[in-house]
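Next one to model:
(4 chains)
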There are 2 protein chains.
Amino acid sequence: MADINSSSAKIRTAGQDGAGAADDVREPDLDFELIELLFFAYRDFVSDPDTILAEYGFGRAHHRVLHFVNRNPGITVTELLDILKITKQSLGRVLKQLVESGFIEQQTGSFDRRQRLLFATTAGHDLAIRLAAPQSHRILAALEKLPAGSEAAARDFLLQLVNDTERAEVRRLTAKR
Amino acid sequence: MADINSSSAKIRTAGQDGAGAADDVREPDLDFELIELLFFAYRDFVSDPDTILAEYGFGRAHHRVLHFVNRNPGITVTELLDILKITKQSLGRVLKQLVESGFIEQQTGSFDRRQRLLFATTAGHDLAIRLAAPQSHRILAALEKLPAGSEAAARDFLLQLVNDTERAEVRRLTAKR
DNA sequence: AATTTATGTCAGCCATATTGACTTATTTCG
DNA sequence: CGAAATAAGTCAATATGGCTGACATAAATT
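This is a model prediction of the structure:
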């Protein structure tokens, strides 16, 4: 293997040139710590259900859809799209698979017959609970190691991270029960 | 459009049948609230840099690679794979693009000449900062609305969400400066 | 009656991830 | 020294989950 970059151009190094703080790597006004912790926490948090999902040939997209349908019985397709922030086509594929495999059922709306209200079947509910369990255990295990009030603090922090325009809706969806 | 599911099978509904709490939707032992808040917070948090990335034809994968290279000058490919938890092939593609477009440079390791140490170029550093800025602003704006101590509480909570096996390493990577 | 809305679907494309096998260079170890 | 292990790069094939744009149908609204 030949050497790479033997004539090194302008790269940034971590000091050690004895010239003082001229090439300081720190960027003190940016909260890298929380940026990275959000990445690492989410990385491990979403990986929990993967082995369960693999049993059914499902992916994380199926998980998200099933979760919010189970939690919001009778939700419409449009409402689901607003939550997931994906396109109709992207949702359509996984939703169809969940319906065909018997985890979600559709009912024509009684007020507005254009709507297809979505419900988890018993199997869908059971699977949603199985998928939520390891994530919930991870959260509760974390909170057990932290002082009282940490759950409320975490809730408040995460809610404030949500877009201003979405916060009321997210509060409604998450805090209702 | 024909009706769907006119002969409805076993679906779960949200009460309203006058039969009491027999089909209660709540699952009191699962922390759905924090599960969902993590989803919503992360959904909006990672969307911040998208428009900047689109300027360069990059995606979120490029962002993650550039971020951790910029923050860890001289990181090896193996270390980067451990952080991102993706395969060598997945990393290879985006890393190659970042090198070819001049945001990351490689240097042969001096101790171990098999290694390719990764560094952000000046352009890479500048882009990494541009990408981190809206995420950091989102975090700081959230913390401004919350009581003192919320930053430490958020940090502690997120760190505890990380896998036990990874926590020490994540602490080392994030808390170092 | 015309328009808007909710949903579904087609065709195609792109980004990002996977596995498994294999190569090269280099280091480490017996 | 020679064998084995390691770091990195690459190949081919495949899957998932996003996207756009266009179009169709049914039903509600104006």
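
hmm, stretch A:158-168 in reach of chain B?
Yes. Using C-beta under 8 Å from any C-beta of the partner chain, stretch A:158-168 reaches chain B at A:158, A:159, A:160, A:161, A:162, A:163, A:166. Using the backbone N, CA and C atoms, a C-beta is placed for each residue, glycine as well.

Out of the residues you listed, the closest to residue A:174 would be?
Nearest to residue A:174 among those: residue A:159, at 7.8 Å, using C-beta to C-beta.

element containing the closest one, please.
Taking DSSP states H and E as the criterion, residue A:159 maps to helix A:150-161.

Go through that helix and flag the buried ones.
In terms of neighbour count (16 or more other C-beta atoms under 10 Å in any protein chain shown), helix A:150-161 has its buried residues at A:150, A:151, A:153, A:154, A:155, A:156, A:157, A:158, A:159, A:160, A:161.

Quick one: those as TSV, columns for distance to residue B:67 and pLDDT too.
Putting those into TSV (distance: C-beta to C-beta, whole Å; pLDDT from 0 to 100) gives the following:
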residue	distance to residue B:67	pLDDT
A:150	27	97
A:151	29	97
A:153	26	98
A:154	23	98
A:155	27	98
A:156	26	98
A:157	21	98
A:158	21	98
A:159	25	98
A:160	22	98
A:161	18	98
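
Now these in TSV, please, with extra columns for distance to residue B:110.
Output for those, formatted as TSV (distance: C-beta to C-beta, whole Å):
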residue	distance to residue B:110
A:150	45
A:151	48
A:153	45
A:154	44
A:155	48
A:156	48
A:157	43
A:158	44
A:159	48
A:160	46
A:161	42
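
for those residues, which one is nearest DNA strand C?
residue A:161 (21.0 Å; C-beta to the nearest atom of the strand).

residues contacting the closest one?
B:41, B:44, B:45, B:138, B:139, B:142 (C-beta atoms under 8 Å, 6 or more residues apart in numbering or on different chains).

Kindly indicate which of these lies nearest DNA strand D.
Out of the contacts of residue A:161, the member with the shortest distance to DNA strand D (by C-beta to the nearest atom of the strand) is residue B:44, at 13.6 Å.

ends of stretch A:100-111, how far apart?
Using C-alpha to C-alpha, to the nearest Å, the end-to-end distance of stretch A:100-111 comes to 25 Å.

to the chain's geometric centre, what's the distance from that stretch?
24 Å (C-alpha atoms, centre = their mean, to the nearest Å).

show me where pLDDT drops low in chain A?
A:1-28, A:176-177 (pLDDT under 70).

Could you identify the longest helix within it?
helix A:122-144 (DSSP state H).

ok, that one near chain B or not?
Yes. Counting by C-beta under 8 Å from any C-beta, chain B is contacted by helix A:122-144 at A:122, A:125, A:129, A:132-133, A:135-136, A:138-143.

likewise stretch A:31-41?
Yes. Residues of stretch A:31-41 are located near chain B by C-beta under 8 Å from any C-beta, namely A:31, A:32, A:33, A:34, A:35, A:36, A:37, A:38, A:39, A:40, A:41.

residues touching the fourth one, list them.
It refers to residue A:34. By C-beta under 8 Å, 6+ apart, the neighbours of residue A:34 are B:139, B:151, B:154, B:155, B:158.

still on that earlier bit, from the residues of stretch A:158-168 next to chain B, pick the one nearest residue B:59.
residue A:163 (20.6 Å).

From DNA strand D, how far out is that closest one?
Residue A:163 sits 15 Å away from DNA strand D, going by C-beta to the nearest atom of the strand, to the nearest Å.

For that residue, list the residues it contacts.
With C-beta under 8 Å, 6+ apart, residue A:163 has these contacts: residue B:44.

quick one: the helix holding residue A:159 to chain centroid distance?
15 Å.

Show me what the host helix or strand of residue A:92 is packed up against.
According to DSSP H and E, residue A:92 maps onto helix A:88-100. Helix A:88-100 makes packing contacts with helix A:60-71, helix A:77-84, strand A:104-108 when contacts are defined by 3 or more C-beta pairs under 8 Å, 6 or more residues apart in numbering or on different chains; DSSP states H and E.
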